[in-house]
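> what follows is a predicted structure for the sequence shown.
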Amino acid sequence: MFTLNPVVSIENAFIYQKERIVLSDVNFSINKGEFVFLIGRTGSGKSSLLKTLYADLWLQRGKAKVVGYEIETLLPANRPLLRRKIGVVFQDFQLFMDRNVNENLLWVLEATGWTDSGKIKARIAEVLMQVGMSTSKDKMPHQLSGGEQQRIVIARALLNEPQILFADEPTGNLDPEVSGQIIKLFHEINKAGTAILMATHDFDMIRRFPARILKCENGIVSEEG
C-alpha cells in the first residue's frame, strides 16, 4: 500500500556507544525516495546513528521508526523482518571471502525467506545487471577490485527491493575515480525510488552531487544549508 509516511523518523533520540552518549536529542525524518548525506568527523557519531537505525545498536532513549518498525521496541527476533525492507552498505564490504558472488547473494535471499529457486536466480541476475556486474557471479571476492566488490555489496543490499539504503562511508576505501562511479550508481538507485542515507566525509562528492545534508557535530545532529 502506498503511504506518504516517512521511511525514517527519529524523535528525541539519544544515541549511545556502550555507556557513552554520542548524540543527544536527535530529530529528523527522511521521506520516500529522498537522498540525504550524513556528514561529520570521524568519531562524531555517524556510524552509531546508522547502526541504531538498522537496529544494530539498541535505542535506549527516544523514538525511531524505520520502514514502519518502531526501533526502540523491536525485538531481536524481529530484526530480520526490518532487514528485509532496508539495505545496508558497509565501507569494509563484509563479503564472505570463501564464497563466490552468486553464493554471497544467495545466502542473503535464503536468510530472508526466499525459497523459489527460479525467482532467486532471476533476482540475483537482476541486481547484478543493475550494478554493472552481470558477468561476475562466479568470481570470488579476491578476484574483484575494491570498486567491483563495493558494487557486489550494493547488489546485495538491493536484493529485497529496500525502501531505504543506509550506506556507511561506501567510498571510504576507494580511489576518487571509482568513488565517482559508485556515487553515480547510488544516484541511479535513488532515481528509481529508493531513499538513501549516506554517511561520508568526501566533500568533493557532496559538491558534485548536491543533496540534503545532516551534520553530526559536538554531539548533535543538525540540518546544513
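It's in. Numbering: from 1, shown residues only.
> what stretches of this structure score poorly on pLDDT?
Residue ranges of the chain with pLDDT under 70: 1-3.
> can you pull up the most central residue in it?
Centroid-nearest residue in the chain: residue 166, 2.1 Å away (criterion: Cα atoms, centre = their mean).
> if I look at it, how far off is residue 67?
Distance, residue 166 to residue 67, using Cβ to Cβ, to the nearest Å: 11 Å. Yep, even glycine has a C-beta here, placed from its N, CA and C like the rest.
> give me the common contacts of the two.
Each of residue 86 lies in contact with both residue 166 and residue 67 under the rule Cβ atoms under 8 Å, 6 or more residues apart in numbering.
> coming back round to it: need the contact list for the residue nearest to the centre of the chain.
Contacts of residue 166 by Cβ under 8 Å, 6+ apart are 50, 53, 54, 86, 87, 88, 89, 197.
> rerun at 7 Å
50, 53, 54, 86, 88, 197 (Cβ atoms under 7 Å, 6 or more residues apart in numbering).
> so who does the fifth one touch?
If you count contacts by Cβ under 7 Å, 6+ apart, residue 88 has them with 54, 157, 166.
> ditto for the third one
If you count contacts by Cβ under 7 Å, 6+ apart, residue 54 has them with 86, 88, 166.
> nearest residue to the first one in space, please, no chain neighbours.
In space, residue 86 comes closest to residue 162 once its chain neighbours are excluded; the distance is 4.9 Å by Cβ to Cβ, 6 or more residues apart in numbering.
> just residue 53 next, same as before
residue 66 is the one closest to residue 53 (Cβ to Cβ, 6+ apart), at 5.5 Å.
> how about residue 65?
The shortest distance from residue 65 to any non-neighbouring residue, by Cβ to Cβ, 6+ apart, is to residue 9 (5.0 Å).
> could you check how far the one you found is from residue 177?
Distance, residue 9 to residue 177, using Cβ to Cβ: 36 Å.
> more neighbours: those two, which one.
Shown here are residue 9 and residue 177; by other Cβ atoms under 10 Å, residue 9 has more neighbours (15 against 8).
> partners of the host helix or strand of the residue nearest to the centre of the chain in the sheet?
Element membership for residue 166 (DSSP states H and E) is strand 164-168. On the basis of DSSP bridges, the sheet neighbours of strand 164-168 come out as strand 86-89 (parallel), strand 195-199 (parallel).
> wait, which of these is closest to residue 101?
strand 86-89 (15.6 Å; Cβ to Cβ).
> just to revisit the earlier point, which residues does the residue nearest to residue 53 contact?
So residue 66 contacts 8, 53, 82, 86 (Cβ under 7 Å, 6+ apart).
> just the strands in the chain please.
Along the chain, the segments classed as strands by DSSP state E run 8-17, 20-30, 35-39, 61-66, 69-70, 86-89, 164-168, 195-199, 212-217, 220-224.
> partner strands of the first one, with direction?
When pairing is defined by DSSP bridges, strand 8-17 lines up against strand 20-30 (antiparallel), strand 61-66 (antiparallel).
> who's in contact with it?
Here strand 8-17 has contacts from 21-30, 45, 48-49, 52-53, 59-66, 164, 197, using Cβ under 7 Å, 6+ apart.
> in that strand, which of the residues would be classed as buried?
Buried residues in strand 8-17, counted by 16 or more other Cβ atoms under 10 Å: 8, 10, 13, 14, 15, 16.
> dump those into a markdown table; add distance to residue 215 as well.
As requested, the buried residues of strand 8-17 are exported to a markdown table (distance: Cβ to Cβ, whole Å):
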| residue | distance to residue 215 |
| --- | --- |
| 8 | 17 |
| 10 | 15 |
| 13 | 16 |
| 14 | 18 |
| 15 | 14 |
| 16 | 20 |
